[in-house]
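Enquirer: Generate coordinates for the sequence data below:
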Amino acid sequence: MSFSSFDISASGLHAQRLRMDTISSNIANVNTTRDENGNVNPYIKKNVVFKAVYDKATSGPDFPFGGVHPEYNKETESMGLKGRISFDSRNVSNGVEVQQIEEDKEPYKMIYDPSHPDADEEGYVKMPNINAVTEMVNLMVASRAYEANVTAAEAAKSMIRSALQI
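Expert: The predicted model follows:
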């Protein structure tokens, strides 16, 4: 029996949890203008980069797709498909993994606030390049993706439980 559906769901759960943690860190540091050593160095937004984990489609008993190639036969009068089914070695996703957590390349926001303790000589403060509203939307998307992976794992568990009761 193949448990690849559990592996795929588990990889999705792990990836989305890490994505939610990263987004939460971005939101928590939306106004952070200093690093952990107290130097004026604003927080840099982090992004999670995913990578699909591939496996050969024909490597297991569950390979999901192939193609039907119809052949025309002049001797037959009825319409129908007489064809050969072929499977190639296309890659099929076997889950997802986090490739890296990268720092965003967007420039800092420059806010004019001469009274801020971290303002430069012209009165501008370097603020993190984080849009709190966008990050909240991303957090909701990641949360829903996490829930979808939980639902997929529960469905696979239910199908296996039903199969064992037969």
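Enquirer: Just give the number of residues close to residue 160.
Expert: Residues lying near residue 160 (other Cβ atoms under 10 Å) number 14. All C-beta atoms are positioned from the backbone trio N, CA, C, and that covers glycine.
Enquirer: host element of it?
Expert: Element membership for residue 160, per DSSP states H and E: helix 132-165.
Enquirer: Any buried residues in that helix, and which?
Expert: Across helix 132-165, burial judged by 16 or more other Cβ atoms under 10 Å covers 135, 138, 139, 142, 145, 146, 149, 152, 153, 156.
Enquirer: May I have the secondary structure class of the residue nearest the centre of the chain?
Expert: What sits nearest the mean C-alpha location of the chain, by Cα atoms, centre = their mean, is residue 50, with 5.3 Å. At residue 50 the chain is in strand, as set by DSSP: H, G, I helix; E, B strand; the rest coil.
Enquirer: so who does it touch?
Expert: By Cβ atoms under 8 Å, 6 or more residues apart in numbering, the residues touching residue 50 are 15, 96, 97, 98, 99.
Enquirer: any chance of those in CSV, with neighbour count too?
Expert: CSV is the format used below for those (neighbours: other Cβ atoms under 10 Å):
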residue, neighbour count
15, 22
96, 18
97, 14
98, 16
99, 12
